[in-house]
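Colleague: Any chance you could fold what I've pasted below:
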Amino acid sequence: MPSPLLGSWAVDVSRLPMPQEARPKSVTITFADAGGAKWKVNVDIVDAGGSKINAYGTYALDGTAAPGQGSTIEADTGAIKVPAPNVLVMGLGKGEMPASTRIYTVAADGKSMIETSVNFDNVPVMRTFYFTRVR
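Modeller: Numbers count the residues shown, from 1 in each chain. Predicted structure coming up:
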């Protein structure tokens, strides 16, 4: 049975923890099976000014680090694991330094997903993002 994480997810931009004028117009993340126990992760963002940003990578499900491609503003390396069918843990790095940890959890109905993001600004900072399934 395929993981309920697989598919495309759109963030609820109205719930982003930032001023409305700074919020992106859209953020979509897609998890796709790339075969060989690897997943492709693709992030498409349309920022507040309408510019399109795309970041993507193909990662082994065993947590092995691999380079990201496209926009590397936030991270240039990633690693993922799926400890439960509805949970994905992602570690991101930038310039050979830790950047953030993200935990994606799909609800039991498979229609919504929550992302918990942990960044460091002298202390850990946690943010929550809310997604709905696009396909």
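
Colleague: now Thr64, nearest residue through space, not along the chain?
Modeller: Spatial nearest neighbour of Thr64, excluding adjacent residues (CB to CB, 6 or more residues apart in numbering): Ala79 at 6.2 Å. In this view, the C-beta of every residue, glycine as well, is placed from N, C-alpha and C.

Colleague: okay, and the helix or strand of this protein with the least pLDDT?
Modeller: The helix or strand of the chain with the poorest confidence is strand 69-70; it has a mean of 94 (mean pLDDT, DSSP states H and E).

Colleague: now that strand: how far from the chain's centre is it?
Modeller: Distance, stretch centre to chain centre, for strand 69-70: 14 Å (CA atoms, centre = their mean, to the nearest Å).

Colleague: List the contacts of the residue most central in space within the chain.
Modeller: Per CA atoms, centre = their mean, the C-alpha nearest to the average position across the chain is that of Ile29, at 6.0 Å. With contact set as CB atoms under 8 Å, 6 or more residues apart in numbering, Ile29 has these partners: 8-9, 11, 41-44, 131.
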